[in-house]
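Undergrad: predicted model follows, preceded by the sequence.
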Amino acid sequence: MKLTAQKIEEIAKLARLDLTEKEKTLYADQLSAVLDYVEQLNEVNTDNVPETCQVTGLKNVTRADEPVTCDDDTRAKIIAAFPEKLDKVLKVKAVFESTSE
């Protein structure tokens, strides 16, 4: 599968990469070679191969997510130790940023 420079530009934009013309040509050739190699997998007969999501036999160990009450003394200590606060509210950095695109 031969990738065009235009397709590389689209991929670079999605990845937020600023590529030079030389890089676009280089990556077009390299990614095309990788996709050609992966395309060979379509020729492998997998009819009798069971689906596998993991092969180690390990399982996730989880616990129930149960709320725990916090007494007033503990709550006061947490609030006192927190670097930024407004009364009883803990102030944290924003998790999401808004973008205007």
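TA: Great, that's in hand. Fair warning: this is a prediction, and the values are worked out from it, not measured in the lab.
Undergrad: burial count for residue 28?
TA: 19 (other CB atoms under 10 Å). (Each C-beta comes from the backbone N, C-alpha and C, glycine too.)
Undergrad: buried ones in the one helix or strand it maps to?
TA: Here residue 28 sits within helix 21-39, counting by DSSP states H and E. Applying a neighbour-count criterion of 16 or more other CB atoms under 10 Å, one finds 24, 27-28, 31-32 buried in helix 21-39.
Undergrad: could I get the residues you listed as TSV with distance to residue 59 and pLDDT?
TA: Shown next, in TSV, are the buried residues of helix 21-39 (distance: CB to CB, whole Å; pLDDT from 0 to 100):
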residue	distance to residue 59	pLDDT
24	45	91
27	40	91
28	43	92
31	36	93
32	40	94
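Undergrad: residue contacts, residue 57?
TA: For residue 57, no residue meets the contact criterion (CB atoms under 8 Å, 6 or more residues apart in numbering).
Undergrad: and the helices in this protein?
TA: For the chain, the helices defined by DSSP state H cover 5-14, 21-39, 72-81.
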